[in-house]
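Colleague: Provide a 3D model corresponding to the input given below.
(2 chains)
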Number of protein chains: 2
Amino acid sequence: MREIKGGITAPLGFVAAGMHVGIKKPPHPDLALVVSAREGPIAGVFTRNRVAAAPVQLDRQRLRRGMGRAILINSGNANACTGAQGLADAEEVAALVAALIGMDPRAVFLGSTGIIGQPLPMPCLRRGIPALVNRLRANGGKEAARAILTTDTRTKEVALSARIGGRRVTVGGMAKGAGMIHPDMATMLAYLTTDVAIERTTLQRALVAAVNPSFNCISVDGDTSTNDSVLCLANGMAGNPVVRAGSAAAAAFQGLLGEACRVLAMEVCRDGEGATKLVQVNVVGARTQTAARQVAKTVATSTLVKAALFGEDANWGRIMAAIGRAGVSVDPAKIGLSCDGVRIVKAGVGLGRPAERRLARIMQRREFGVTIHLGQGPGRARLWTTDLSYDYLRLNASYRS
Amino acid sequence: MREIKGGITAPLGFVAAGMHVGIKKPPHPDLALVVSAREGPIAGVFTRNRVAAAPVQLDRQRLRRGMGRAILINSGNANACTGAQGLADAEEVAALVAALIGMDPRAVFLGSTGIIGQPLPMPCLRRGIPALVNRLRANGGKEAARAILTTDTRTKEVALSARIGGRRVTVGGMAKGAGMIHPDMATMLAYLTTDVAIERTTLQRALVAAVNPSFNCISVDGDTSTNDSVLCLANGMAGNPVVRAGSAAAAAFQGLLGEACRVLAMEVCRDGEGATKLVQVNVVGARTQTAARQVAKTVATSTLVKAALFGEDANWGRIMAAIGRAGVSVDPAKIGLSCDGVRIVKAGVGLGRPAERRLARIMQRREFGVTIHLGQGPGRARLWTTDLSYDYLRLNASYRS
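Modeller: Next up is the predicted model:
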């Protein structure tokens, strides 16, 4: 497997574009389009939020057919809580893209991110989409990656290739950061393209398997905003024998897709709003994997733990308290804590001032790991979180103004 | 029922004191003691955190006997994650209080709040407790209420009286604010005294019933730090016929105790760290009460909702998104939102700019209510939350330094 350039347009047969059409204030780009030279299987994983945005509802329905060719994504407006009008608007923009390209409208998928509860500014979209289609080009990945951002400070792109079935197969991708510390409330969008030839169900299974330890493990609950979506479109142009479930080729493709998702998820987390640190929270020795995940999630989302990370305050008691309230049966007398290899707590009791001083020094790093030992069984989990900073509040106290 | 003065020493037969003994930096008071003239039934509700502090472990065990006479509370040190030494220290200070007063040591209850993971500074306590016992007096309530505070900006006291069984019965109380926006991680301590004559089991049931809609409804999960405790000590000195479960007197006492807990809980919430607003979150029309509570809790603890409250940003979409991810089956097309009587969302769709402008004006109030209509059934819930401010972060990024 090797890293290459080109982002979402790195695989064979994909073009993309991004530009400002007037949803955001000029000159911020706010509309992106990715198009494959031919239709192919598409896989999707969406928010579990009951209040799903119009584009999510439309994509979910189209995913039943399971074939895609174009993905149109706008930033600046979530098209969520917009009722029947929101769905009609989504249908209309998809139909417009299909008509301009000359393709089946059912193969157009959508993504939206931005303010909830405002109708899509349809005049801007009707005017902008033809211009956007005209800009489509094979090196348009960067431009598209830029147009899907909101409060992100940089684009998130990935392109990886490997030999599968005797052919060079590439996976490209772009993501729109949660832009927030809790992706569960933000919009996390990620799009992946690949030229692999693959069965539809195998692609869907591979995407689910790739998303769980990556996007679903950053600051936790990455799957629950009104708009969260991860789509993967495969056009088969690499010319490999079709990848089928259970084969060596499927495993190789899983490795490629999994790594692409991991790279994008880390980038999303690093660029969390106001984040100054990226912290890996590991739990080992839990009774079950579910218990491990529950403990990791409680620690990773604790406001007090995040505030201590920001302040570089070696207040490990907050981690202990979070473990204790995670709703998992733990034995306090067995709990151990370590940070980048340094033991801080053993058998539930702190190891004193020297250990705390070493902890305080480690906490000054931009990236480090905390490991929680529960001493109860084989369950383990790994999540990534960020700190909670003044900048987070500044950005979120008046996101709309 | 009427409000009177005197706080925790308002009921007949209670004395209290508070002073600095050296746990905190001078001159901050850090040790409080409340003593009844005679032993009586005591009820307790404690943290559900698996990592329970030593005083909680000791109190839980003593509550099996169910009789109390004294409560010793220190601030500045949580005596949590301190292992066997922490428990031995707790036993020792309780024995010292009992010896000085001349009472059964099993009737001494303890409370601690402060840093987790540091051993109790026993020399300060051994030296300070005799002086504290000497200071006990009938108007010592205020002094005791001051000594249990940490980052609270003011004392929280209450005293209410009513006629029960032909006698004047008084309930007094003091609380130590969560001092944090999420009481689930902070230490919330509340102590109530009463001169009512009451059966032990009836007192315990009354306390549980009083705590659920008060302390357990402020910013949610008020019951899950390592040290959270609510104790209620009854000495029977009002001379009323003993209150038994199911009687009119029990209902009257329940009203008195419930109101005392509500007053203290509101005070704790208002004085949350950095809090500039107190917001009531009401959910109506849920399928069940559990579902209503789950939705209210998700909204009330959402970092993004709290940041919007601080910024007075009429970003109601964040409330909708929180409702949708609450893990409850809701129908987005039925959801309504209103704020102090002004409708903002109807049938899942926003009512436009004029409604938002009215919402923005309401959000400038120091206290207001948000009502979420789910349109599904009879379930309702009411919680209180605060905003998330810069001051919260300032206080929590380096609580220990």
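Colleague: tell me what A:V243 is bridged to.
Modeller: A:I198 (DSSP bridges).
Colleague: check whether the longest helix along chain A contacts chain B.
Modeller: Counting residues, the longest helix found in chain A (DSSP state H) is helix A:248-270. No - interface with chain B: helix A:248-270 contributes nothing (C-beta under 8 Å from any C-beta of the partner chain), its closest point being 15.6 Å away. C-beta: built from backbone N, CA, C; applies to glycine.
Colleague: again, but for stretch A:354-374
Modeller: No - Stretch A:354-374 does not reach chain B (C-beta under 8 Å from any C-beta); its nearest approach is 8.7 Å.
Colleague: hang on, the earlier thing: would you mind identifying the next helix or strand past the longest helix of chain A?
Modeller: The helix or strand immediately downstream of helix A:248-270 is strand A:278-286, counting by DSSP states H and E.
Colleague: helices or strands next to that following strand in the packing?
Modeller: Strand A:278-286 sits against helix A:248-270, helix A:289-301, strand A:367-373, strand A:379-386, with contacts defined as 3 or more C-beta pairs under 8 Å, 6 or more residues apart in numbering or on different chains; DSSP states H and E.
Colleague: what sits against A:L87?
Modeller: For A:L87, the contact set (C-beta atoms under 8 Å, 6 or more residues apart in numbering or on different chains) comprises A:54, A:57-58.
Colleague: may I have the secondary structure class of it?
Modeller: Taken by DSSP: H, G, I helix; E, B strand; the rest coil, the conformation at A:L87 corresponds to helix.
Colleague: quick one, grab the pLDDT at it.
Modeller: If you check A:L87, the pLDDT there is 97.
Colleague: do A:V93 as well
Modeller: For A:V93, pLDDT reads 98.
Colleague: for chain B, what's the nearest residue on the stretch 101-250 of chain A?
Modeller: Residue of the stretch 101-250 of chain A nearest chain B, by C-beta to the nearest C-beta: A:I116 (2.5 Å).
Colleague: nearest residue to that residue other than its sequence neighbours?
Modeller: With C-beta to C-beta, 6 or more residues apart in numbering or on different chains as the criterion, A:I116 has its nearest non-adjacent residue at 2.5 Å, and that residue is B:G317.
Colleague: so what's A:S36 up against?
Modeller: A:13-14, A:68-70, A:193, A:233, A:235.
Colleague: gap between A:R168 and A:I4?
Modeller: Distance of A:R168 to A:I4, given as C-beta to C-beta, to the nearest Å: 10 Å.
Colleague: shared neighbours, those two?
Modeller: A:S161.
Colleague: just for the stretch 151-300 of chain A, where's the confidence low?
Modeller: For the stretch 151-300 of chain A, the stretches flagged by pLDDT under 70 are A:178-186, A:219-225.
Colleague: list the buried residues of the longest strand along chain A.
Modeller: Using DSSP state E to define each element, chain A has its longest strand at strand A:31-46. Within strand A:31-46, the residues that count as buried by 16 or more other C-beta atoms under 10 Å in any protein chain shown are A:31-36, A:39-46.
Colleague: what does stretch A:88-107 give?
Modeller: A:89-90, A:93-94, A:96-98, A:100-101, A:103, A:106-107.
Colleague: who touches it?
Modeller: So stretch A:88-107 is contacted by A:33, A:35, A:39, A:54-55, A:57-58, A:62, A:65, A:67-70, A:72, A:79, A:82, A:108-110, A:119-120, A:122, A:125-126, A:129-130, A:133 (C-beta under 8 Å, 6+ apart).
Colleague: which residues of the stretch 1-150 of chain A lie near chain B?
Modeller: Contact residues (C-beta under 8 Å from any C-beta) of the stretch 1-150 of chain A with chain B: A:48-52, A:78, A:80-83, A:115-118.
Colleague: ok, 7 Å please
Modeller: Taking C-beta under 7 Å from any C-beta of the partner chain as the contact definition, the stretch 1-150 of chain A meets chain B at A:49-51, A:80-83, A:115-117.
Colleague: need those residues in TSV (columns: pLDDT and neighbour count).
Modeller: As requested, those are exported to TSV (pLDDT from 0 to 100; neighbours: other C-beta atoms under 10 Å in any protein chain shown):
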residue	pLDDT	neighbour count
A:N49	82	26
A:R50	83	20
A:V51	86	27
A:A80	92	32
A:C81	91	26
A:T82	93	24
A:G83	92	16
A:I115	85	17
A:I116	86	25
A:G117	88	26
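Colleague: need the max-distance pair from those.
Modeller: Pairwise distances across these peak at 19.4 Å for A:R50 and A:I115 (criterion: C-beta to C-beta).
Colleague: rewinding a little: narrow the residues of the stretch 1-150 of chain A next to chain B to those in strands?
Modeller: In strands, judged by DSSP E, the following of these are found: A:I115.
Colleague: thinking again about what came up before, so which of the contacts of A:S36 wins on neighbours?
Modeller: Highest neighbour count within the contacts of A:S36: A:T193, with 33 neighbours (other C-beta atoms under 10 Å in any protein chain shown).
Colleague: return the residues in contact with that residue.
Modeller: Contact analysis of A:T193 by C-beta atoms under 7 Å, 6 or more residues apart in numbering or on different chains lists A:8, A:11, A:14, A:34, A:172, A:233.
Colleague: can you tell me the SS state at it?
Modeller: Going by three-state DSSP: A:T193 is strand.
Colleague: I'd like to know how far it sits from A:E157.
Modeller: Plainly put, A:T193 is 11 Å away from A:E157 if you go by C-beta to C-beta.
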